[in-house]
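# Sharing a model prediction with you, sequence too.
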Amino acid sequence: MKRLQVAALRNGTVIDHIPANKLFKVFAILDLSNCTETITVGNNLNSQTVGKKGIIKISDRFFSQEEANKISLIAPKAKINIIKEYEVVEKRLLSLPDEVREIVQCVNPACITNHQPVKTFFNVVTENDETHLRCHYCERDVKLEEVKLK
Amino acid sequence: MKIRSLVSITDYNKEEILEILNLAADFEANPNRKTLDGKVIATLFFEPSTRTRLSFETAVNRLGGRIIGFSDSMTSSSVKGETLHDTIKMVGSYADAIVMRHPLEGAARYASEISPVPIINAGDGANQHPSQTLLDLYSILKTQGTLENLKICLVGDLKYGRTVHSLIMAMSHFNPSFRFIAPDELKMPDEYKDFCRKNNIPYEERTELAGNFDDADILYITRVQKERFLDLIEFERVKNVYTLKKSMLEHTKPNLKILHPLPRVNEIAQDVDESPKAYYFQQAQNGLYVRQAIVSKVLMNVPIF
């Protein structure tokens, strides 16, 4: 039998296949520092799909699709499994949201959002099979790999 | 009812662009109307821009409106640390519309979302300057008799020049073809070339100016700025290659007109000014009529001609 690298979860959410260097960004985007439930984190685990991977298991916490979609900004290949009584009851597919508010910083140093108390707002735009965020204010395009969280 | 601000040229569709241009022609024929009698327009210039400010203020004055505002943020309360939010809320409670120039990109869009009155963007950093684009279109329409099917050569700083980027967007409604003439350092960014491809707008790229615009209807020249170059020797070379001289106009089309958003430095030699093909000073004057049209439209106060 395959030995689990991280202890099994009874009820909650498993976020798996996070690239190892993105683990803490996922932590931040879901605001897990302020989560009071039990969280088990593993990083630099061997993975066949992403090389070294990270995994986050959160007890008794279930994310809305909107929250889950935030993860796709950082780790589009991450898998989200909902666990009930040790069983995977749902595998949630990630999709990019249409709009991204507040969590991402604009890369343009001259953008109003980097100087005044203005909440950031990006539209998710797909052109020529490439997806990027377009700042609603300064209209600058931000590539997904350039995304900086606030 | 939604407040109609003008932040970006893409806020207007083809019909609205043509409506502004028709209205500008009416104002050119009859610029002194008292349709803004009793209206107060604020001109908030957080960075100086004498030409744009005077043009807007003249437009309002010729329509009988009154002006409040400042021409430099050093004389406004933003120097005390007031946020743009508070300045706009305050001025929006005094004036019927706000014309605004700001050094930060996106400032006008933000202002339009919090202002109780329409915002007219008179330039937000390197982002948008829609009244310039509309006066460029008006100048093209006036000199060519049409906006359709024109060959337009864009010359100079095509990388950072916002006027040329906005012009591509606005002209995309009118079936143009473009030739981009720029040094390698200042070539047209890919996103605008992608935009052309997607909209079936033909374009070519050249690095030499001489001999590359004999088939053009419009030659739109922008300033090549020294600070864009890492290598000053390269700047000196490029600067001379991109200077338009009168002798270069010999084989050009009779209807060719030369446009430039001004200020000009050395990219157009002075001897070009005497050519009937030089149009940049009239272009600046056209800005007055176009701005009369813009202010009238955002205030829904269009006179009947």
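Yep, that arrived.
# going forward, measure contacts and count neighbours with C-alpha atoms only.
Will do.
# got the contact list for the residue nearest to the spatial centre of chain A?
The structure's chain A has its C-alpha centroid closest to A:I71; by CA atoms, centre = their mean the separation is 1.8 Å. Applying CA atoms under 8 Å, 6 or more residues apart in numbering or on different chains to A:I71 gives the contacts A:V26, A:I29, A:L30, A:A78, A:L94.
# and of those, the nearest to B:K80?
Comparing those against B:K80 with CA to CA places A:I29 closest, at 35.0 Å.
# I'd assumed A:I103 was in contact with that closest one.
Yes: under the criterion of CA atoms under 8 Å, A:I29 makes contact with A:I103 at 7.0 Å.
# Low-confidence regions, chain A specifically.
Counting by pLDDT under 70, chain A has low-confidence residues at A:1-7.
# how about 80 then?
The model of chain A has pLDDT under 80 over residues A:1-7, A:49-50, A:127-129, A:150.
# What parts of it come near chain B?
Residues of chain A found near chain B (CA under 8 Å from any CA of the partner chain) are A:A110, A:C111, A:I112, A:T113, A:Q116, A:P117, A:V118, A:H136, A:Y137, A:C138, A:E139.
# Tabulate these (a markdown table), appending neighbour count.
Output for the residues of chain A next to chain B, formatted as a markdown table (neighbours: other CA atoms under 10 Å in any protein chain shown):
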| residue | neighbour count |
| --- | --- |
| A:A110 | 19 |
| A:C111 | 26 |
| A:I112 | 27 |
| A:T113 | 25 |
| A:Q116 | 14 |
| A:P117 | 11 |
| A:V118 | 15 |
| A:H136 | 20 |
| A:Y137 | 23 |
| A:C138 | 26 |
| A:E139 | 19 |
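# Mind picking the two most distant members of the residues you listed?
A:P117 and A:E139 (17.9 Å).
# Excluding its own residues, what touches stretch B:241-260? List them.
Applying CA under 8 Å, 6+ apart, the contact partners of stretch B:241-260 are B:136, B:143-144, B:155-156, B:208-211, B:213-222, B:266-269, B:271-272, B:275, B:277-280, B:283.
# Derive a ChimeraX selection command for the buried subset of these.
Buried members of these, defined by 16 or more other CA atoms under 10 Å in any protein chain shown, are picked up in ChimeraX with:
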select /B:136,143,144,155,156,209,210,213,214,216,217,218,219,220,221,222,267,268,272,277,278,279,280,283
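# Keep only those of the contacts of stretch B:241-260 that are in strands.
B:V155, B:I218, B:L219, B:Y220, B:I221 (DSSP state E).
# out of the residues you listed, who's nearest chain A?
Comparing the ones in strands among the contacts of stretch B:241-260 against chain A with CA to the nearest CA places B:V155 closest, at 23.1 Å.
# separation between the closest residue to chain A within the stretch 101-250 of chain B and B:S115?
In the stretch 101-250 of chain B, the residue that lies nearest chain A is B:G106 (4.0 Å; CA to the nearest CA). Computed with CA to CA, to the nearest Å, the distance linking B:G106 and B:S115 is 14 Å.
# Compare these two and say which is more crowded by neighbours.
B:G106 (27 against 22; other CA atoms under 10 Å in any protein chain shown).
# residue contacts, the more buried one?
Counted by CA under 8 Å, 6+ apart, B:G106 has contacts A:C111, A:I112, A:T113, A:H136, A:Y137, A:C138, A:E139, B:D124, B:N127.
# Go ahead and confirm A:V124 touches A:V100.
Yes: at 7.3 Å, A:V124 and A:V100 qualify as touching, with contact defined as CA under 8 Å.
# Let's verify B:I294: helix, strand, or coil?
Here B:I294 is recorded as helix under DSSP: H, G, I helix; E, B strand; the rest coil.
# The contacts of stretch B:241-260 in helices, which ones?
Residues of the contacts of stretch B:241-260 located in helices (DSSP state H): B:D136, B:T143, B:Q144, B:Y280, B:Q283.
# of those, list those near chain A.
Near chain A, judged by CA under 8 Å from any CA, there are no entries from the ones in helices among the contacts of stretch B:241-260.
# Now for those residues: which two are most distant?
By the measure CA to CA, B:Q144 and B:Y280 form the most distant pair in these, at 14.6 Å.
# Please enumerate the strands of the chain.
Went with chain A since none was named. Using DSSP E, the strands assigned to chain A run over residues A:12-19, A:39-47, A:51-59, A:79-84, A:87-92, A:99-101, A:104-105, A:121-127, A:130-135, A:141-143, A:148-149.
# other chain: chain B
Under the criterion DSSP E, chain B contains strands at B:40-45, B:66-70, B:97-102, B:119-124, B:151-155, B:177-181, B:203-206, B:218-221, B:257-259.
# Can you give me the distance of the nearest residue to B:L262 once chain neighbours are set aside to B:K151?
Spatially, and ignoring its direct neighbours in sequence, B:L262 is nearest to B:Y280 (7.4 Å; CA to CA, 6 or more residues apart in numbering or on different chains). B:Y280 is 18 Å from B:K151, where distance means CA to CA.
# What of B:L244?
Separation of B:L244 from B:K151 (CA to CA): 18 Å.
# what are the bridge partners for A:I55, then?
A:G42 (DSSP bridges).
# where's it relative to chain B, distance?
Distance, A:I55 to chain B, using CA to the nearest CA, to the nearest Å: 37 Å.
# correct me, but that residue touches A:V14?
Yes: the criterion here is CA under 8 Å, and A:I55 meets it with A:V14 at 7.2 Å.
# Overlap in contacts, these two.
Common contacts of A:I55 and A:V14, defined by CA under 8 Å, 6+ apart, are absent altogether.
# Would you mind listing what in chain B touches chain A?
Checking chain B against chain A by CA under 8 Å from any CA, the hits are B:T83, B:L84, B:P103, B:L104, B:E105, B:G106, B:A107, B:R109, B:Y110, B:G125, B:N127.
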